[in-house]
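[1] give me a 3D structure for the following:
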Amino acid sequence: MTNQLLPKPVSASRIQLAQMMQPEHANTQGNVHGGWIMKLVDEAGALAATRHAGHRTVTVAMDQMVFRHPIHIGDLVILNAQVTYAGRTSMEVEVRVTAENPLTGERRETNTAYLVYVAIDEQGRPTPVPPLLTETPEEEARMRAAQERQQRRLQQKQEMEK
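    Alright, predicted model coming up:
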């Protein structure tokens, strides 16, 4: 007898994190270190993946991350994450990063990242995740794009293993 997992909507995985950038997050010019942002991106992504899977998750891949705008000391960094694709045990999560000047309310999207997580059981082995249920045309389009990215990742993995 198979344990059929019920689909979960994208909305069930959505998470938003916000953090004020402090001097310890930045270099001497007042620009926040990219590595600090990457850490926050991974935390937001892992939370979204965990919500979807209902299990602990581990990061297995991150697509490139391009910073379009600097993030400064005093900016409020807002991370919005959601699952965009669910395979058998893996999920892709989109994380959008926005920097806000809390004094003026001015916002700028600094980057978007796509990360892949695998759900794991209590023994640390991959475990199945629920299918992803899209509810809007935008979510459907994101899922199709995510499936294409996943196919490219799998092709790259096969080429690297040769």
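[2] can you list the low-confidence ranges for this structure?
    Applying pLDDT under 70 to the chain flags the ranges 1-3.
[3] so which bits of the longest strand along it are buried?
    With secondary structure taken from DSSP state E, the chain has its longest strand at strand 107-120. Neighbour counts over strand 107-120 (16 or more other CB atoms under 10 Å) mark 110-120 as buried. For every residue, glycine as well, the C-beta is placed using N, CA and C.
[4] can you check stretch 23-32 too?
    Result for stretch 23-32 [16+ other CB under 10 Å]: buried residues 25-26, 32.
[5] quick one: strands adjacent to the helix or strand hosting Met91?
    For Met91, the element it lies in under DSSP states H and E is strand 90-100. Applying DSSP bridges, strand 90-100 is found paired with strand 76-86 (antiparallel), strand 107-120 (antiparallel).
[6] how about those in a markdown table, adding distance to Glu140?
    Formatted as a markdown table, the strands paired with strand 90-100 follow (distance: least, CB to CB, whole Å):
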| stretch | distance to Glu140 |
| --- | --- |
| strand 76-86 | 11 |
| strand 107-120 | 17 |
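[7] so which of these is nearest Gln150?
    Gln150 lies closest to strand 76-86 among the strands paired with strand 90-100, at 5.9 Å (CB to CB).
[8] okay, that closest one in CSV with CA atoms only?
    Output of strand 76-86 as CSV, limited to C-alpha atoms (Å, rounded to 0.1, in the frame of the first residue of the first chain):
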residue,chain,number,x,y,z
LEU,A,76,15.4,46.6,6.2
VAL,A,77,16.0,43.4,4.2
ILE,A,78,12.7,41.6,3.4
LEU,A,79,12.9,38.0,2.1
ASN,A,80,9.8,36.4,0.5
ALA,A,81,10.1,32.7,-0.2
GLN,A,82,7.8,30.1,-1.7
VAL,A,83,8.0,26.6,-3.1
THR,A,84,7.8,26.8,-7.0
TYR,A,85,8.3,23.1,-7.7
ALA,A,86,8.1,19.8,-5.9
